[in-house]
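> what follows is a predicted protein model with its sequence.
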Amino acid sequence: MTTVETHMTYSNSYTINQEEVYMTQEDDWDRDLLLDPAWEKQQRKTFTAWCNSHLRKAGTQIDNIEEDFRNGLKLMLLLEVISGERLPKPDKGKMRFHKIANVNKALDFICSKGVKLVSIGAEEIVDGNAKMTLGMIWTIILRFAIQDISVEETSAKEGLLLWCQRKTAPYRNVNVQNFHISWKDGLALCALIHRHRPDLIDYAKLRKDDPIGNLNTAFEVAEKFLDIPKMLDAEDIVNTPKPDEKAIMTYVSCFYHAFAGAEQAETAANRICKVLAVNQENEKLMEEYEKLASELLEWIRRTTPWLENRAAEQTMRAMQQKLEDFRDYRRIHKPPRVQEKCQLEINFNTLQTKLRLSNRPAFMPSEGKMVSDIANAWKGLEQVEKGYEEWLLTEIRRLERLDHLAEKFKQKCSMHESWTGGKEDLLSQKDFESASLMEIRALMRKHEAFESDLAAHQDRVEQIAAIAQELNELDYHDAATVNARCQGICDQWDNLGTLTQKRRDALERVEKLWETIDQLYLEFAKRAAPFNNWMDGAMEDLQDMFIVHSIEEIQSLITAHDQFKATLPEADKERMATMGIHSEILKIAQTYGIKLSGINPYTNLSPQDISTKWDTVKHLVPLRDQMLQEEVARQQANERLRRQFAAQANIIGPWIQTKMEEISHVSVDIAGSLEEQMNSLKQYEQNIINYKSNIDKLEGDHQLSQESLIFDNKHTNYTMEHVRVGWEQLLTTIARTINEVENQILTRDAKGISQEQLNEFRASFNHFDRKRNGMMDPDDFRACLISMGYDLVTGPLPGEVEFARIMTLVDANNTGVVTFQAFIDFMTRETAETDTAEQVMASFKILASDKNYITVDELRRELPPDQAEYCISRMTRYIGADGSTGALDYISFSSALYGESDL
């Protein structure tokens, strides 16, 4: 009694979870089998050793299992040690009823733990019944050593057997199927030890044909290093055809409890590996995003200056080459970048979804590499691109106009210079000083005719000056030459005016001395000069170059030409009248016998000159007709190209708009599972891609139009730029929609959400999506939450405050709407569980043996090499006073994994 009382306080230091109830004894315990002497011997030795392994904690032991438990004292002490609870105070007497009372207290305690004792009474234990005593001890072993074993939803015997099978599976010659013959050769016990402590046994040296040696090795190592007493004899196990199952189970359960700590470490290591694997994958996605974003932004940075360059070329050929380079950029260089931009947005959304699912903070790209930054840069690129194309077309039109004006300027200058050639010398002559009266009068009349001709050429000089001014205003590349030539003509014209006035003054001074003049010559000269000037103007107009861009413009030229042809009969009358004057001169000369010199003293124009120019005019008229008709044919061809382009554009433009509207509703209207929705969207995307041939055909028609210099089209409001932008937006929108469904699948799989739950979420969202645009207003979202049972009235926070908190989760950018993806993320976050920083800290603490720091050796021993090195490279040095050399801070590292500090 003294020994019992001395060690009663020991039981208070044990705390065991007793909430589980073990209702029945092991069904396979057959008392009759205990009569087998070999089995009874094994059980006596095993159960005695097991009891002593616990009793020695209280400073005592038993020698004979049926004798030492008869008074109930050591039995009560054993129960106190293994349960950690205090039993009622034992009776101190030595009479039989005292012993029965003590044994009954022990049996009552066993029953209070949910154990049903069958046919075991206190009297039999007090009487030393070996069979009943061994059965009682086996019941205690089952309840306190085996019942709490749990492996993958199996418990007790099945759990212990599964644990043994898992631990010994990699070892040769080991096949654990039971708790008797599977252990006879000793290899299974050695494998269990080697699996957890490979430093204690060299398994490769063990032989299957040496069972006694194997068993003794396992017994000795377990007793010496694992504090597991020797409970069995190797010879008894080997020589018994079927060793006692209860003895083996009792001994093997000691190994399970000895290695339970290692199991916890393995579980903790698995949790850390899982968390680190997620973190490594997310970091890889972040690096890929940064790289792709940098490359795309660099391409935009390099391309923008090229598109911003407005250095105009001096020739039409050079500008058309620039336009061709721009077409190559639009067809070849830009489309891959459009795909990269779309893929970048998809990768960003996927990464953010994975971060949310793994309870990590949202990814914040480097400065200047946000999706919005890329979108702004892309928008700027497209604006510059649009401006560049408009500038190219404007420049081409300008150069076309400049070439036309320059050619016209040269033609008019050549005609003017041809007319003015020698006029200065002629006006500077002093021929009147030695002329006769008739010659003086002739010179006077001739000079008057010249003045009339000079006045008629004033318009041409003004036209030349106007053309030169327009060439300067349009920044003609050879403006210096034009200005020099124009200035020369103007200076010459001023000089002609001065010389003309001087000659007239001189002739008028001598006119009184010279009176003879031939009136007919004078009249011929007066009529021939303007008519000649009219023919010069007609020839100039008939040979004038023109440029038109529509049928209406060419028709206007044809009308003007027809009006000109209508004046030809009247002009012919004037020609006949002029030629009649010359005929009368010849008639008078013949009549009066006047010998003519053959030269009209008043003009250099001869009847032959008039006839020749008239023939030239008549020859140029049909040529002009032919040129105008050819231009009509060209404009008709251009009109066909306009109509051909418009016919396709008026179909493709509305088709793209319709598809965009359909896609905007597709996330709302598609029913079925997410995989079915994905297949439907993929088919929808393929249909859109198959439509690309129509876009390419329209591009071909657009190129033909531009090659024909067609820059406007009244038959359609759609330009090629509109179609291109719409097509790119359509491809991007369908890709984003597919990505949203992929993220929903990822969310469903990661959070364990069933299809029915997703369908319920979808049905609720669609019901409150009153505008049918795939988004809910805040009021609709509030109504949706209430309809799904979310308490916004009686919760821990006031209704408006709680709803404002929820809105910051689903609408972080404060857009005023809730998308379906944000709604799904919120619902899954509210219903699913994720790893937390505290769980990871607890796992590291297990690996660190309850220390506040962890060492490099512990990390390398418990984790796979790559993940161990990952932790070592990122953990900071532990600075606590209890730290050792090389100690690492796993607490700050775990917080950093979940964004609670800087990693």
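Looks like it came in fine. Everything numeric in this text was worked out from a predicted model, so none of it was measured.

> next SSE downstream of the biggest helix by length in the chain?
Counting by DSSP state H, the longest helix found in the chain is helix 607-669. Beyond helix 607-669 in the direction of the C-terminus, DSSP states H and E gives the next helix or strand as helix 674-690.

> tell me which element the closest residue to residue 385 other than its chain neighbours is part of?
In space, residue 385 comes closest to residue 307 once its chain neighbours are excluded; the distance is 5.4 Å by Cβ to Cβ, 6 or more residues apart in numbering. The way it works is simple: take the backbone N, C-alpha and C, and place the C-beta from them, glycine included. Taking DSSP H and E as the criterion, the element that holds residue 307 is helix 260-308.

> could you give the mean pLDDT of that helix?
On average, the pLDDT along helix 260-308 is 81.

> what helices or strands is it leaning on?
Taking 3 or more Cβ pairs under 8 Å, 6 or more residues apart in numbering; DSSP states H and E as the contact definition, the neighbouring helices and strands of helix 260-308 are helix 334-357, helix 371-420, helix 837-847, helix 856-862, helix 865-874.

> among these, which is the most enclosed?
Among those, helix 837-847 has the highest mean neighbour count (mean count of other Cβ atoms under 10 Å), at a mean of 19.

> check the offset of it from the chain's centre.
Mean C-alpha position of helix 837-847 versus that of the full chain (Cα atoms, centre = their mean, to the nearest Å) differs by 35 Å.

> how long is stretch 663-678 from one end to the other?
Terminal residues of stretch 663-678 are spaced 13 Å apart (Cα to Cα, to the nearest Å).

> give me the below-cutoff pLDDT ranges for the stretch 101-250 of the chain.
In the predicted model of the stretch 101-250 of the chain, residues 148, 150-153, 155 satisfy pLDDT under 70.

> would you list every one of the strands in it?
Across the stretch 101-250 of the chain, reading from the start of the chain, the strands by DSSP state E, counting those that start in this stretch fall at 150-151, 154-155.

> circling back to that earlier point, ok, the residue nearest to residue 385 - contacts?
Remark: with contacts taken as Cβ atoms under 8 Å, 6 or more residues apart in numbering, residue 307 is in contact with 381, 384-385, 387-388.

> what's the closest non-adjacent residue to residue 467?
Among residues not flanking residue 467 along the chain, residue 409 sits closest, at 4.6 Å (Cβ to Cβ, 6+ apart).

> verify the stated contact: that neighbour with residue 466.
No. In terms of Cβ atoms under 8 Å, residue 409 does not count as a neighbour of residue 466; the distance is 9.8 Å.

> now residue 694: how far from residue 407?
42 Å (Cβ to Cβ, to the nearest Å).

> just give me the neighbour total for residue 707.
The local packing count at residue 707 equals 12, with neighbours defined by other Cβ atoms under 10 Å.

> please apply the same query to the one 5 residues further on.
A count of neighbours around residue 712, defined by other Cβ under 10 Å, yields 9.

> any idea which helix or strand comes after the lowest-mean-pLDDT helix or strand in the chain?
Taking mean pLDDT, DSSP states H and E as the measure, the chain has helix 2-6 as its least confident helix or strand, at a mean of 32. Counting by DSSP H and E, the next helix or strand C-terminal to helix 2-6 is helix 37-55.

> so how far is that following helix from its chain's centroid?
Distance of helix 37-55 from the chain centroid (Cα atoms, centre = their mean) equals 70 Å.

> which elements pack onto that helix?
helix 65-68, helix 73-83, helix 130-141, helix 234-239, helix 245-258.

> out of those helices, which is closest to residue 537?
Residue 537 sits nearest to helix 245-258 of all the helices and strands packed on helix 37-55, at 119.7 Å, using Cβ to Cβ.

> buried residues in that closest one, which are they?
For helix 245-258, the neighbour count (16 or more other Cβ atoms under 10 Å) marks 245-256, 258 as buried.

> what angle separates it from helix 130-141?
30 degrees (axes from the mean of the first three to the mean of the last three Cα atoms, to 10 degrees).

> tell me what angle helix 245-258 forms with helix 260-308.
Helix 245-258 and helix 260-308 are oriented at 50 degrees to each other (the same axes, to 10 degrees).

> CA atoms only: put helix 245-258 into CSV for me.
Written as CSV, here are the backbone C-alpha positions of helix 245-258 (Å, rounded to 0.1, in the frame of the first residue of the first chain):
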residue,chain,number,x,y,z
GLU,A,245,-1.6,-12.4,-32.7
LYS,A,246,-2.2,-10.5,-29.6
ALA,A,247,1.4,-10.7,-28.4
ILE,A,248,2.6,-9.5,-31.8
MET,A,249,0.1,-6.7,-32.0
THR,A,250,1.0,-5.5,-28.5
TYR,A,251,4.7,-5.4,-29.3
VAL,A,252,4.2,-3.8,-32.8
SER,A,253,1.9,-1.1,-31.2
CYS,A,254,4.9,0.0,-29.1
PHE,A,255,6.8,0.7,-32.4
TYR,A,256,3.8,2.8,-33.7
HIS,A,257,3.8,4.9,-30.5
ALA,A,258,7.6,5.3,-30.6
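
> who touches that helix?
Contact partners of helix 245-258, identified using Cβ under 8 Å, 6+ apart, comprise 28-29, 39, 42-43, 45-47, 50, 53, 138, 141, 145-146, 149, 157, 160, 163-164, 178-180, 183, 189, 192-193, 222, 226-228, 231-232.

> how far off centre is it?
If you compare the mean C-alpha spot of helix 245-258 with that of the full chain, they lie 58 Å apart, counting by Cα atoms, centre = their mean.

> could you check the angle it makes with helix 37-55?
30 degrees.

> returning to what we had before: are any of the contacts of helix 245-258 buried, and which?
Neighbour-count burial (16+ other Cβ under 10 Å) applied to these gives 29, 39, 42-43, 45-47, 50, 53, 138, 141, 145-146, 149, 157, 160, 163-164, 179-180, 183, 189, 192-193, 222, 226, 228, 231-232.

> residue 776 is in contact with residue 764, isn't it?
No. Here residue 776 does not reach residue 764: they are 9.9 Å apart, not a contact under Cβ under 8 Å.

> between those two, point out the one with more neighbours.
Comparing residue 776 with residue 764 by neighbour count (other Cβ under 10 Å), the higher total belongs to residue 776, at 26 against 18.

> any idea how far residue 769 is from that one?
As it turns out, when the distance is counted by Cβ to Cβ, residue 776 lies 6 Å from residue 769.

> one more: residue 727?
Residue 727 sits 28 Å away from residue 769, going by Cβ to Cβ.

> check residue 629 too.
Distance, residue 629 to residue 769, by Cβ to Cβ: 64 Å.

> who has more neighbours out of these two?
The residue with more neighbours, out of residue 629 and residue 769 and counting by other Cβ under 10 Å, is residue 769; that gives 22 against 12.

> pLDDT wise, what is the more buried one at?
The predicted local confidence for residue 769 is 78.

> same question for residue 375.
We note a pLDDT of 88 for residue 375 in this prediction.

> how close does it get to residue 345?
From residue 375 across to residue 345, the span is 8 Å (Cβ to Cβ).

> same deal with residue 779?
Between residue 779 and residue 345 the distance, using Cβ to Cβ, works out to 30 Å.

> repeat for residue 75
For residue 75, the distance to residue 345 (Cβ to Cβ) stands at 74 Å.

> what's the answer for residue 862, then?
When Cβ to Cβ is the yardstick, residue 862 and residue 345 sit 40 Å from each other.
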